[in-house]
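[1] next input, structure requested:
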Amino acid sequence: MPSIAIVRLLNKCPRIGRKIINTSRALTFGLWRTMVETLQVEADEPAETCEIQRTRTKPGCISCFGFRTLVHRRNASASLVFIVHRRYSTYEKTSAQILSKLFPQTSGEPNDEECRKRRKREEEEEVKEMERAWSRMKLGFALFGIGGLLFSSWAIYYFGKPALDKQGKEVKDEFSQLPLTQQYTARTWKSVNHFQRFIQEPSSQKLLPEPLQAPYVQPAYTLVLEIKDVLIHPDWTYETGWRFKKRPGVDIFLKECAKYFEIVVYTAEQGITVFPLLDALDPNGFIMYRLVRDSTHFFQGHHVKNLDNLNRDLKRVVVVDWDRNSTKLHPSNCFSIPRWSGNDNDTTLFDLVSFLSVLGTSEIDDVREVLQYYNQFNDPISQFRENQRKLSEQMQADELEKNSKKKLVVKNWSRGFIKH
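    Coordinates of the predicted model:
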């Protein structure tokens, strides 16, 4: 934000920007010039020093070595001066170009006739390029509009034409009395709505068959389970790819629940993924029905499990899931449990099978009352364990009290019997 504010200030006040740029140039130029002059003074010392040094020293390896070292230093200083000059000139040109592009009003280029002509040519080329780009854009829009018009006309003709019978005659419908244009438009709109309902609504109004009749045994309750992160957990690594892990206790859970419930797996996953997993997960066939994504209702951006299409009495339907959005149409039938992340020390299914066993053997007419009671807690399973503990303590206390009363009656009766 500060940098944006500074740029806006410099654009609004070019004089301030020009002063800042000139000051930075002067400081930079002074620093570089001082370094260059210092190196030039060292490099331009008279060669007499070399001569004096050479005459004063005696011939030998040491004097020769000192003379060569001195010459090497002078040559290095001269080369350093050349490098500094070149770097400084390049830096000055580059900085001037960048600053002139950022702030055109502070450009230091000469304002002569040739520069004005060159700028004018550049501006004219930019205008021409913009006109060509706009022409290409208009052409693209025109082609897109023509293509859309042709496609719409074909769609109205294809979806709006009347149906034909086996003899090739037109079948009368509710739009046959309308004018021709309105007929085609109304039929097309009806087809679009039908396609939308096909995507959003379940594939069938009755997802499950009718309940079994005698002599077959129909379980009193229906248990609807989510497979992902309830029974299994998908896991992906670079080494193994996709793998699916069974939740601890899933085999005992399915076996015990099958005694009291009609088990249905209802998920928003694709069938091509779910069916092989269920074949491996449930080899004994405890799961009676499998419903996948095409059986869900797409509602407010979520694949929702519409229990109205189950063809079962909702007073006896229990849904076990971790996602409340999947049962937003029937929240009173949902029993929420924690989402399993793949840990091996999970015991949720063991506690859940205890809850469902009690529910299945209690012969409750409407399970939604029990589910609504437990849904008011953050952890329904923990609350169920707490209620079971209190119930067990109450039953033990009642049993002790009952036994104590029996002993007291027997003692009184024995005393009276001895007296007589």
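[2] so which residues of the stretch 301-420 of the chain form helices?
    Secondary structure of the stretch 301-420 of the chain (DSSP state H, counting those that start in this stretch): helices at 348-361, 367-375, 380-419.
[3] and whatever helix or strand Ala142 lives in, what other elements does it pack with?
    Secondary structure assignment for Ala142, by DSSP states H and E: helix 113-160. In terms of contacts (3 or more Cβ pairs under 8 Å, 6 or more residues apart in numbering; DSSP states H and E), helix 113-160 is packed against helix 180-200. Every residue, glycine included, has its C-beta placed from N, CA and C.
[4] pLDDT of stretch 169-176, averaged?
    In this model, stretch 169-176 has an average pLDDT of 84.
[5] next, Leu207: phi, psi?
    Main-chain dihedrals, Leu207, degrees, to the nearest 10: phi -80, psi -30.
[6] before we move on, what about Ile232?
    When read as degrees, to the nearest 10, the backbone of Ile232 gives phi -140, psi 170.
[7] ok, the residue nearest to it when sequence neighbours are not counted - contacts?
    Distances taken as Cβ to Cβ, 6 or more residues apart in numbering place Phe244 nearest to Ile232, at 4.7 Å, with adjacent residues excluded. Phe244 is in contact with 232-235, 277, counting by Cβ atoms under 8 Å, 6 or more residues apart in numbering.
[8] which one of the helices of the stretch 301-420 of the chain lies nearest to Lys255?
    Lys255 sits nearest to helix 348-361 of all the helices of the stretch 301-420 of the chain, at 8.9 Å, using Cβ to Cβ.
[9] residues contacting Glu170?
    Counted by Cβ under 8 Å, 6+ apart, Glu170 has contacts 162-164, 176.
[10] what is the nearest of the residues you listed to Glu131?
    Pro162 (50.1 Å).
[11] isn't that closest one right next to Leu180, touching?
    No: counting by Cβ atoms under 8 Å, Leu180 is not a contact partner of Pro162; they are 10.4 Å apart.
[12] element containing the residue nearest to Ile232, please.
    strand 241-246.
[13] that strand: what's the following helix or strand?
    As assigned by DSSP H and E, the chain's next helix or strand after strand 241-246 is helix 250-257.
[14] which elements pack onto whichever helix or strand comes after that next one?
    The first helix or strand that comes after helix 250-257 along the chain, using DSSP H and E, is strand 261-266. Identification of packing neighbours for strand 261-266 by 3+ Cβ pairs under 8 Å, 6+ apart yields strand 221-225, strand 287-291.
[15] apply 10 Å and report the result again.
    strand 221-225, helix 250-257, helix 271-281, strand 287-291, strand 317-321, helix 348-361 (3 or more Cβ pairs under 10 Å, 6 or more residues apart in numbering; DSSP states H and E).
[16] starting at the chain centroid, how far to that strand?
    30 Å (Cα atoms, centre = their mean, to the nearest Å).
[17] can you mark which positions in that strand are buried?
    Buried residues in strand 261-266, counted by 16 or more other Cβ atoms under 10 Å: 261-266.
[18] residues contacting the closest residue to Phe261 other than its chain neighbours?
    With sequence-adjacent residues excluded and distances taken as Cβ to Cβ, 6+ apart, Phe261 is closest to Leu223, at 3.7 Å. The contact partners of Leu223, by Cβ atoms under 10 Å, 6 or more residues apart in numbering, come to 254, 257-258, 260-265, 287-288, 316-320, 335, 356, 359-360.
[19] of those, just the buried ones, ChimeraX syntax please.
    Typed into ChimeraX, the line below selects the buried ones among the contacts of Leu223, using 16+ other Cβ under 10 Å:
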select :254,257,258,260,261,262,263,264,265,287,288,316,317,318,319,320,335,356,359,360
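[20] I'd like the average pLDDT over stretch 198-206.
    Rounded mean pLDDT across stretch 198-206 is 82.
[21] one step back: do you know how far the residue nearest to Ile232 is from Leu291?
    19 Å (Cβ to Cβ, to the nearest Å).
[22] out of the contacts of Phe244, the closest to Trp340 would be?
    Closest approach to Trp340 among the contacts of Phe244 (Cβ to Cβ): His233, at 5.5 Å.
[23] OK, contacts around that closest one?
    243-247, 339-343, 346 are the contacts of His233 under Cβ under 10 Å, 6+ apart.
[24] that one and Phe244, how far apart?
    According to Cβ to Cβ, His233 stands 7 Å off from Phe244.
[25] which strand residues bridge Tyr221?
    Phe261 (DSSP bridges).
[26] quick thing: my sequence starts at 500, can you match it?
    Let's use 500 as the start, then, which means that last one is Tyr720.
[27] for Ser831, give me its contacts.
    813, 818, 865-868, 870-871, 874.
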